[in-house]
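Participant: build me a structure from this.
(2 chains)
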Amino acid sequence: MAFAARAVKVPPNSASLEEARCRVFDFFRTACRSIPSIIDIYNLDEVVTKSQLRSTIASEIRKNAHITNPKVIDMLLFKGTEELNNILEHAKQRHHMIGQYVVGREGLVHDRDPKDEGISSFLKNFYNSNYF
Amino acid sequence: MALRTAVLRHVRIPVQTLTLNGSKQQLWSLRFMSSHDDHITKAEVIERVLSVVKSFPKVDPAEVTPEVHFQKDLGLDSLDNVEIVMALEEEFKLEIPDKEADKIDSCNLAIEYISNHPMAS
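Facilitator: Numbering: from 1, shown residues only, chains lettered A, B, ... in the order given. Presented below is the predicted three-dimensional model:
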C-alpha cells in the first residue's frame, strides 16, 4: 500500500527550466544514494561497481540532455522516479538489472569480437534497438 | 565450601590501579570503535579526493591538481560535477546536503569541505 501511495504522488510542475534542472540533480542524488541498497538487493557486487552504476545513471539522464521543456523534463523525472521505486521494491529480477544497467542495451553484441566489425550496419541497428 | 574459603584466604592479588594514564596508545585502542578521535588529516583528504577525481572516467589523471576546477579546467558538465560529489560522499562516507553539494565545484572546495566535516572518515 505504501508504495502505491508513493507511486501515484505527482509533484507540481516545475515553474522554470532552472527548477526542473535542480530537480534532475536531486533525483540523480537520490538515485546515487540508493545504489548501495540496490547492489545489496540484487547481489550486483560481483558484476558491477558503484561508480559504474553511477555513470550508467548519469548517461541515462544525459540521453535527454537536449530537452528544454520543463514539462517534458518533469514527465521524464516522474518515469525515472517510478523506475527507481520499482527497483528498490524488488519489482525486478537480477537479470533485468544486469541487462538494463550493467551490460547495457548494446553490450552483448557491440563489437566484442573482431569479426563483428565487418557486420552490416543494418544488423547492428537491428540488434541495438527497435527505436530509431 | 570450606576448601574454597581456605584457598581464597591464601590467594593474594596485589592491588594496583589500571595503567591507563601511562600510554596514549592503549587509550586509543580502548576507543577503537568510537567515531571520535579519528579525524583524518588534511594531507590524507587531499590524497583521497585527488584519487577519486582521477578515477573518474572522463578525467585525464594528468590534469588533476588540488587547485583544479571541475567544469572550467577539466571540461566536465554540471551532471559530472554532481557525480563527482556523490563519489566523494561514498569515499568519505558522508551525506552532503544538497545546498552544500551545489557549491562544491572544484577540488579546492571539496578538500576544504571534507576536511572540516566532523564525520568524514
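
Participant: okay, now the unreliable bits of chain A?
Facilitator: Applying pLDDT under 70 to chain A flags residues A:1-9, A:104-118, A:128-132.

Participant: sorry, that was for chain B
Facilitator: Ranges of chain B meeting pLDDT under 70: B:16-38.

Participant: okay, now the closest residue to chain A within it: neighbour count?
Facilitator: For chain B, the residue closest to chain A is residue B:86, as judged by C-beta to the nearest C-beta, at 4.1 Å. C-beta coordinates here come from the backbone N, C-alpha and C atoms, glycine included. Residue neighbour count, defined by other C-beta atoms under 10 Å in any protein chain shown, stands at 23 for residue B:86.

Participant: contacts only, for it.
Facilitator: A:28-29, A:32-33, A:54 (C-beta atoms under 8 Å, 6 or more residues apart in numbering or on different chains).

Participant: so where's the longest helix in the chain?
Facilitator: If you meant another chain, say so; for now it's chain A. Counting by DSSP state H, the longest helix found in chain A is helix A:70-88.

Participant: ah, no, chain B please
Facilitator: Longest helix of chain B, by residue count under DSSP H: helix B:78-92.

Participant: still on that earlier bit, closest one of the contacts of residue B:86 to chain B?
Facilitator: Taking C-beta to the nearest C-beta as the measure, chain B lies nearest residue A:32 of the contacts of residue B:86, at 4.1 Å.

Participant: residue A:54 is in contact with that closest one, correct?
Facilitator: Yes: using C-beta atoms under 8 Å, residue A:32 makes contact with residue A:54 at a distance of 5.5 Å.

Participant: where do the contact lists of the two overlap?
Facilitator: Common neighbours of residue A:32 and residue A:54, counting by C-beta under 8 Å, 6+ apart, are B:83, B:86.

Participant: buried stuff in stretch A:14-23?
Facilitator: Buried residues in stretch A:14-23, defined by neighbour count with 16 or more other C-beta atoms under 10 Å in any protein chain shown: A:14, A:20, A:23.

Participant: and those, which is closest to chain B?
Facilitator: Minimum separation from chain B among the buried residues of stretch A:14-23 (C-beta to the nearest C-beta) is found for residue A:23, which lies at 10.9 Å.

Participant: centre of the chain to stretch A:73-84, how far?
Facilitator: Relative to its chain's centre, stretch A:73-84 lies at 10 Å (C-alpha atoms, centre = their mean, to the nearest Å).

Participant: show me what from chain B comes close to chain A.
Facilitator: For chain B, the contact set with chain A under C-beta under 8 Å from any C-beta of the partner chain comprises B:55-57, B:78-80, B:82-83, B:86-87, B:89-90, B:95, B:98, B:101-102.

Participant: the same query, at a cut-off of 6 Å, please.
Facilitator: By C-beta under 6 Å from any C-beta of the partner chain, the residues of chain B that approach chain A are B:79, B:82-83, B:86.

Participant: let me have the residues you listed in TSV, adding distance to residue A:46 as columns.
Facilitator: Output for those, formatted as TSV (distance: C-beta to C-beta, whole Å):
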residue	distance to residue A:46
B:79	28
B:82	27
B:83	23
B:86	22
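
Participant: now residue A:38: closest residue in space that isn't a chain neighbour?
Facilitator: Distances taken as C-beta to C-beta, 6 or more residues apart in numbering or on different chains place residue A:87 nearest to residue A:38, at 6.0 Å, with adjacent residues excluded.

Participant: burial count for that neighbour?
Facilitator: Residue A:87 - counted by other C-beta under 10 Å - has 20 other residues nearby.

Participant: residue B:71 now?
Facilitator: Number of residues near residue B:71 (other C-beta under 10 Å) recorded here: 13.

Participant: which parts of the chain are helices?
Facilitator: With no chain named, the answer covers chain A. Using DSSP H, helices in chain A cover A:2-8, A:17-33, A:35-42, A:50-62, A:70-88, A:94-97, A:121-128.

Participant: let's do chain B instead
Facilitator: Along chain B, the stretches classed as helices by DSSP H are B:2-10, B:24-30, B:42-54, B:70-73, B:78-92, B:98-103, B:107-116.
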